[in-house]
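Student: coords please:
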Amino acid sequence: MPEDKTRKGYLGWGAGPALRVAVVATAIAAVSLRIRNSLAPVGRLEAVVIAEYSFIIFVAIAFAALYAGFAERVRPGKILEFPGLILPTAALLFCGVYKLGMHQFGGFDEDLLVHAGTFYAQGLKPYIDFHCTMPPLFMACIRFAVNLFGLRWAAFTLIPATFSALTSVWIFALLRRCSMPRSWALAVTVAVEMSTMLAIPFWWYNNSSSIVVVLLFLSVLACMQRQESLLPWISFSISLAMVLTAKPNAAPACLMPLALLVTRDKTRWVKALSAGVGALGLAAFICFAAQMPPADVLHSYAEVAKLRGKPFLLLREMGWPDKQFQILFICASALCFAAPLAISLKRNARRW
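Tutor: Numbering: from 1, shown residues only. Reported below is the predicted structural model:
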């Protein structure tokens with residue numbers, strides 16, 4: 001009888017959500033592919049992209065649900081509970097990103113990635129020798145890749161492969177710090193990396209910016225735990241610096257640290273402000289590493305904002321797939337701010 005209950009619990013708690021997610025993924029992919037022939041040529045491409053990414057993202061989530069349900073309910077030995085399992089997982093992510101990245105060529109958006117690498121290899125500087133509207137974190141890693149591996153496509157896949165491996169360990173550690181079970185933490189980490197770095201297996205600012213926002217969100221949650229360790233605050237400072245130098249679309253995530261200030265705890269105030277100051281210094285260092293002084297970066301963003309700084313007008317001009325993506329991103333950003341703020345208010349209600 002206990003074994004039957006365990007299996008029933010596994011099917012209801014692990015496989016059930018995964019099957020529902022798979023059904024949703026199949027429906028979205030099928031609808032997108034069904035209506036693509038009735039759209040304009042550009043719309044057809046966007047419909048196919050929606051189908052592909054819905055498949056990748058929801059398969060990753062389904063994997064997370066199945067794996068976590070299997071590990072928590074069936075418990076097939078202690079190996080799935082071993083925290084060091086994240087290390088071979090990180091190695092597999094590294095190999096997967098690099099291998100897939102070497103089977104295609106990311107030359108879209110006017111070939112910005114390859115052009116930037118070529119300019120850096122020639123000793124040219126942004127804003128002085130060539131126009132640049134890219135974020136400093138993106139450009140700094142390009143310069144580092146070219147200096148370390150030379151001007152070749154493998155350099156632009158080795159950097160994201162390393163980034164994926166390191167951030168997977170980082171995300172796993174933060175999830176564990178937030179008291180998430182090891183099996184769930186490992187599954188969620190793989191789902192996050194699959195839907196971002198593995199989906200775009202070369203160095204690009206969209207998926208990398210998504211990862212740093214996840215890191216900042218989890219760092220804020222970890223800092224809310226009643227622990228004396230300074231590691232969550234160091235993580236918070238580094239991730240905030242990365243968000244500040246990532247794609248400007250990630251800027252709303254900088255509101256999340258405000259949740260740490262919703263308290264009368266003077267120690268938390270000091271830690272939060274100190275980490276914020278450290279993040280500003282590290283962000284300035286990243287800018288100079290990319291040969292992009294912060295003042296010039298802000299001026300570049302201001303000039304671009306004159307053309308594309310009206311979000312509602314831009315949404316009106318977008319096609320419906322892009323409009324849905326942007327609205328979803330705005331809602332997700334608002335949720336990432338509201339969630340830690342609500343937790344902070346609840347935990348510190350007695351102190352007010």
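Student: Count the neighbours of residue 295 for me.
Tutor: 9 (other CB atoms under 10 Å). Placement of C-beta: from N, CA and C, glycine included.
Student: before we move on, what about residue 197?
Tutor: There are 29 residues near residue 197, going by other CB under 10 Å.
Student: cool, the one 4 residues further on as well?
Tutor: A count of neighbours around residue 201, defined by other CB under 10 Å, yields 23.
Student: Residue 141 too?
Tutor: Residue 141: 22 neighbours (other CB under 10 Å).
Student: now swap in residue 198 and tell me
Tutor: Neighbours around residue 198, by other CB under 10 Å: 21.
Student: swap in the one 5 residues further on?
Tutor: Neighbouring residues of residue 203 were enumerated by other CB under 10 Å; the total is 26.
Student: In this structure it contacts residue 143, no?
Tutor: No. Counting by CB atoms under 8 Å, residue 203 stays clear of residue 143, with 11.3 Å between them.
Student: outside of the host helix or strand of residue 87, which residues touch it?
Tutor: Per DSSP states H and E: residue 87 is located in helix 86-101. Applying CB atoms under 8 Å, 6 or more residues apart in numbering, the contact partners of helix 86-101 are 156-158, 160-162, 164-166, 168-169, 172, 186, 189-190, 193, 197-198, 201-202.
Student: low pLDDT regions in the stretch 251-352 of the chain?
Tutor: 307-352 (pLDDT under 70).
Student: which residues of it fall in helices?
Tutor: 266-289, 294-308, 311-317, 320-347 (DSSP state H, counting those that start in this stretch).
Student: Now stretch 277-285: buried residues?
Tutor: 278, 279, 282, 283, 284 (16 or more other CB atoms under 10 Å).
Student: and which of those is nearest residue 125?
Tutor: Comparing these against residue 125 with CB to CB places residue 284 closest, at 16.9 Å.
Student: could you check the distance from the residue nearest to the closest one when sequence neighbours are not counted over to residue 137?
Tutor: Distances taken as CB to CB, 6 or more residues apart in numbering place residue 294 nearest to residue 284, at 5.6 Å, with adjacent residues excluded. According to CB to CB, to the nearest Å, residue 294 stands 13 Å off from residue 137.
Student: who has more neighbours, the two?
Tutor: A count of neighbours by other CB under 10 Å puts residue 137 above the other of residue 294 and residue 137, at 25 against 16.
Student: Name the nearest residue to the more buried one, ignoring sequence neighbours.
Tutor: That would be residue 245: by CB to CB, 6+ apart, it lies 4.1 Å from residue 137.
Student: How about the contacts made by the one you found?
Tutor: Contacts of residue 245 by CB under 8 Å, 6+ apart are 135, 136, 137, 140, 283, 286, 287.
Student: okay if I get those as a markdown table plus distance to residue 120?
Tutor: Conversion of the contacts of residue 245 to a markdown table gives the following (distance: CB to CB, whole Å):
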| residue | distance to residue 120 |
| --- | --- |
| 135 | 15 |
| 136 | 13 |
| 137 | 15 |
| 140 | 10 |
| 283 | 20 |
| 286 | 15 |
| 287 | 15 |
